[in-house]
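1. Give the three-dimensional model of this entry:
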Amino acid sequence: MPHVPVSVVVVVLLAFLFDFLNGMHDAANSIATVVSTRVLSPRQAVVWAAFFNFIAAFFFDVHVADTIGKGLVDPKIIDTAVVAGALIGASLWDWITIVFGIPVSSSHALIGGLIGAGFAKAGVGCLQYAKLKTTVLFIFLSPLIGLVFGFGLMVSVFWIFRRRSPGQVDRFFRVGQLLSAALYSLSHGANDAQKTMGIIAVLLYSNGLLGDKFYVPAWVIIACCAVIGLGTMLGGWKIVNTMGNKVTKLKPVGGFCAETGAGLSILICSHFGIPVSTTHTITGAIVGVGTTQRLSAVRWGVAGRIVWAWVLTIPCAALTAALTYKLIALFL
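-> Numbering: from 1, shown residues only. Here you go, the predicted structure:
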């Protein structure tokens, strides 16, 4: 068994901290709609979401982890200090936004952290622009895709159930929302947990602990899904309130359409190895559902503040990570 440096153990633990914060932060995405529609209590909802976050480890390939680990920054320049800087930059931004109840993307915080730390070490030449271009493009596309799916599903449901009473529709979708919440939480584990898998795998690879070939070890896959599930169980209640109540008011049918639309969008992107934001996607889906009632049903001021937080996530996390890398590099 190869010798594992203490610094690697510390950074792996730091990666698990980020994964935990990711679950805690993005629990809002997993449970906001099902809680706001009162289909499940907050405690029941987080346990439901955490379970499906975890079992994602056993159902999906690790295409997103591969993208994070070797597709954004040249793996040859990544070392322990770069990974530590990326994780600290992302974790700090996650924590700040949890405190203020801002539903930003943990995914893009990590991507920003990796870009910032890599740039601080090796300049722009280390960035792999093909994958970066796709990732940045989906910052804008993922909420639009979520919006289209959410809107389309809501319109379809209106037409299919047009002869049913509101009470019948409500009863049907209170059950349906259990399934849609499960689908969304499964997609969250399939995409978001893989980002931490990728960062741990590239750390192990850069320290010669994976041999000559980059891959994601089984223990990393299971541990990351377990930790993100644990974070989800604790939840970020301010963000739940923002997502579930402040963007638009949801009924069970709207919650079902938002969760299903977002979940399908994320699973499709995960299949192609695209690290999208679960936050962006579910927000777009909720807005899409809200606009089927009337444009004024969406609180556009709240949505606008969320968008500004999205825009700032990558540069803020990148700057923090670059400064952190410079400090860590003095000691490692």
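
2. Which pLDDT value belongs to Val240?
-> For Val240, the model assigns a pLDDT of 52.

3. One more: Gly211?
-> Gly211 is assigned 82 on the pLDDT scale.

4. Please tell me how far it sits from Ile160.
-> 54 Å (CB to CB, to the nearest Å). From N, CA and C alone the C-beta is placed, and that goes for glycine too.

5. Equivalent analysis for Val64, please.
-> Per CB to CB, Val64 is found 33 Å from Ile160.

6. higher neighbour count, those two?
-> Between Val64 and Ile160, Val64 has the larger neighbour count (other CB atoms under 10 Å), namely 28 against 10.

7. Which residue, other than its chain neighbours, is closest to the more buried one?
-> Distances taken as CB to CB, 6 or more residues apart in numbering put Gln194 closest to Val64, at 3.8 Å, once the chain neighbours are dropped.

8. Give me the neighbour count for the one you found.
-> 32.

9. Just the CA trace of the strand or helix carrying Gly69, in CSV.
-> If you go by DSSP states H and E, Gly69 is part of helix 63-70. Only the C-alpha atoms of helix 63-70 are listed here, as CSV (Å, rounded to 0.1, in the frame of the first residue of the first chain):
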residue,chain,number,x,y,z
HIS,A,63,-18.9,11.2,-16.2
VAL,A,64,-19.3,14.5,-14.2
ALA,A,65,-16.5,13.4,-11.8
ASP,A,66,-14.2,12.8,-14.8
THR,A,67,-15.0,16.3,-16.2
ILE,A,68,-14.1,18.0,-12.8
GLY,A,69,-11.1,15.8,-12.3
LYS,A,70,-9.4,16.1,-15.7
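
10. so what secondary structure elements neighbour the following helix or strand past it?
-> Going down the chain from helix 63-70, the next helix or strand is helix 80-99, by DSSP H and E. Counting contacts by 3 or more CB pairs under 8 Å, 6 or more residues apart in numbering; DSSP states H and E, helix 80-99 is packed against helix 6-36, helix 106-122, helix 166-206, helix 237-241, helix 300-329.

11. Name the residues of the second one that are buried.
-> Judged by neighbour count (16 or more other CB atoms under 10 Å), helix 106-122 contains these buried residues: 106-122.

12. That one vs helix 6-36, what angle?
-> Relative orientation of helix 106-122 versus helix 6-36 (axes from the mean of the first three to the mean of the last three CA atoms, to 10 degrees): 150 degrees.

13. Looking at stretch 50-59 now, give me its mean pLDDT.
-> According to the model, stretch 50-59 has a mean pLDDT of 80.

14. and that stretch, how far apart are its ends?
-> Stretch 50-59 has its terminal residues 15 Å apart, counting by CA to CA, to the nearest Å.

15. so where's this protein shaky on pLDDT?
-> 1-2, 25-33, 98, 101-104, 235-250, 293-310, 332 (pLDDT under 70).

16. Which strand or helix spans Gly231?
-> helix 218-234.

17. Show me the contact partners of that helix.
-> Contacts with helix 218-234, where a contact means CB atoms under 8 Å, 6 or more residues apart in numbering, come from 16, 19-27, 30-31, 46-47, 49-51, 53-57, 62, 65, 185, 188-189, 192-194, 196-197, 200-201, 204.

18. Just to check, Leu92 is in contact with Thr320?
-> Yes. At 5.4 Å, Leu92 counts as touching Thr320 under the criterion of CB atoms under 8 Å.

19. Compare the two (neighbour count), which wins?
-> Thr320 (24 against 18).

20. shouldn't the more buried one be in contact with Ile88?
-> Yes. With contact defined as CB under 8 Å, Thr320 counts as touching Ile88 (7.2 Å).

21. where do the contact lists of those two overlap?
-> Joint contacts of Thr320 and Ile88 (CB under 8 Å, 6+ apart) are Gly113.

22. And for the closest residue to Ile78 other than its chain neighbours, the neighbour number?
-> Leaving out its chain neighbours, the residue that sits closest to Ile78 by CB to CB, 6+ apart is Ser206, at 4.9 Å. Applying other CB under 10 Å, we find 20 residues neighbouring Ser206.

23. what sits against Ser206?
-> Pro75, Ile78, Asp79, Thr80, Val83.

24. For the fourth one, give me its contacts.
-> The neighbours of Thr80, taking CB under 8 Å, 6+ apart as the test, are Pro5, Ser7, Val8, Val11, Leu203, Ser206, Asn207, Leu332.
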